[in-house]
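In: my questions concern the predicted model and sequence given below.
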Amino acid sequence: MILSSLCTVWGAHAEELAGFDCLIKPQTVVEVSAREEGILQELLVGRGDLVEEGQAIAHLHRDVALTTVELSKARAGFKAEIQELRETLAFARREKERIDKLSSAKAISYAEKDRAATDATRAELRLQQAIERRAIARLELTRAQRILENRTVRSPVDGVVVERMMSPGESAENRPIVKIAKIDPLHVEIIASVDYFGAIRVGMQAEVTPRYPGASQQTATVTVVDRVVDAASDTFGVRLLLPNPDHEIPGGVRCGIRFLVD
């Protein structure tokens, strides 16, 4: 008897899980800013343009950064000093070997032997210092390249440009340059009556029909069911994930939804 009543109630729910109003929204909206302070030199995208994650969308003025990179490249590429010091060290070692042989034959004084050993050690230390200077020059080149890279603003997501918020010539200090919406996948948001709490579950699928001319029916999957009910309205929120690989469905449109239940 009880089982029969429960089946009747859930059957009614299954028939009624349709006709909800919903809203299709971008998965996220990002206001993109520059990492460095500076003047905006060039904006490479416009409103409505599709962008990919990592794509360059703007440049700050970077003349000084470019010059610094070229200077650092030149310093990091110097080889003559190290080559010269290697030759000096090789000569000092050969000289030390000759002095050591003469010293074994007691043909020279201890002071001359000591001087040859010291010269070889000093030549080795000068070579090591030159190698360390070159290593520092390479690190300075890496830093200069990163500073230059930071003068290029890149998109953090795949999406569509919603708004250009600055124009070339303006200061980019603590200001967003463009607004980008990620529209693949999209979020579908509904507000359901508490009567349906428990009937809508994570993992359920639903048919979503966007409300604009020529729109086709799409399939979305429930990803979030709020566990807190709004006491004032006796409603709870549900979110579905709607794939949009071709970016055909715009964000911000209303829709109708029908849940697919067994």
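Out: That came through, no problem.

In: give the helix, strand or coil label for Ile57.
Out: strand (DSSP: H, G, I helix; E, B strand; the rest coil).

In: oh sorry, the question was meant for Ala192
Out: strand.

In: tell me what it is bridged to.
Out: Phe236 (DSSP bridges).

In: can you map out the strands along the stretch 51-200 of the chain?
Out: 56-60, 152-154, 159-164, 176-193 (DSSP state E, counting those that start in this stretch).

In: in TSV: those, plus mean pLDDT and distance to Val45.
Out: For the C-beta atoms, the positions are set from N, CA and C on the backbone; glycine is no exception. Output for the strands of the stretch 51-200 of the chain, formatted as TSV (pLDDT from 0 to 100; distance: least, C-beta to C-beta, whole Å):
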stretch	mean pLDDT	distance to Val45
strand 56-60	95	5
strand 152-154	94	10
strand 159-164	95	5
strand 176-193	95	7
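
In: closest one to Asp49 among those?
Out: strand 159-164 (4.7 Å; C-beta to C-beta).

In: contacts for the closest one?
Out: 26, 29-30, 43, 45-51, 57, 177-184, 247 (C-beta atoms under 8 Å, 6 or more residues apart in numbering).

In: a markdown table for the strands of the stretch 51-200 of the chain, including mean neighbour count and distance to Phe20?
Out: Below are the strands of the stretch 51-200 of the chain laid out as a markdown table (neighbours: other C-beta atoms under 10 Å; distance: least, C-beta to C-beta, whole Å):
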| stretch | mean neighbour count | distance to Phe20 |
| --- | --- | --- |
| strand 56-60 | 19 | 37 |
| strand 152-154 | 20 | 39 |
| strand 159-164 | 19 | 27 |
| strand 176-193 | 21 | 5 |
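
In: all helices of the stretch 1-150 of the chain, in order?
Out: Ranges of helices in the stretch 1-150 of the chain, per DSSP state H, counting those that start in this stretch, are 2-16, 63-76, 80-104, 110-150.

In: give the contact list for the closest residue to Lys113 other than its chain neighbours.
Out: Spatial nearest neighbour of Lys113, chain neighbours left out: Ser103 (4.5 Å); criterion: C-beta to C-beta, 6 or more residues apart in numbering. Taking C-beta under 8 Å, 6+ apart as the contact definition, Ser103 lies against Tyr110, Glu112, Lys113.

In: what is the burial count for the first one?
Out: When you say that, I think you mean Tyr110. Per other C-beta atoms under 10 Å, the neighbour tally for Tyr110 reads 8.

In: likewise the last one?
Out: Around Lys113 there are 16 other residues, counting by other C-beta under 10 Å.

In: and for Thr221, the neighbour number?
Out: 15.

In: on that earlier part again, quick one, grab the pLDDT at the residue nearest to Lys113.
Out: For Ser103, the pLDDT comes out at 78.

In: how much space separates it from Ala120?
Out: Here Ser103 is placed at a distance of 14 Å from Ala120 (C-beta to C-beta, to the nearest Å).

In: got it, and Ala231?
Out: 87 Å.

In: between those two, which has more neighbouring residues?
Out: Between Ala231 and Ala120, counting by other C-beta under 10 Å, Ala120 is the more crowded of the two (21 against 8).

In: I figured that one hits Leu89, correct?
Out: Yes. Ala120 is in contact with Leu89 according to C-beta atoms under 8 Å; the separation is 7.2 Å.

In: what backbone torsions are found at Ala107?
Out: Ala107 adopts backbone torsions of phi -100, psi -10, taken as degrees, to the nearest 10.

In: burial of it, as a residue count?
Out: 10.

In: give me the distance between it and Gln41.
Out: From Ala107 to Gln41 the distance is 73 Å (C-beta to C-beta).

In: could you do His247 as well?
Out: For His247, the distance to Gln41 - C-beta to C-beta - is 29 Å.

In: one more: Thr235?
Out: Using C-beta to C-beta, Thr235 is found at 50 Å from Gln41.
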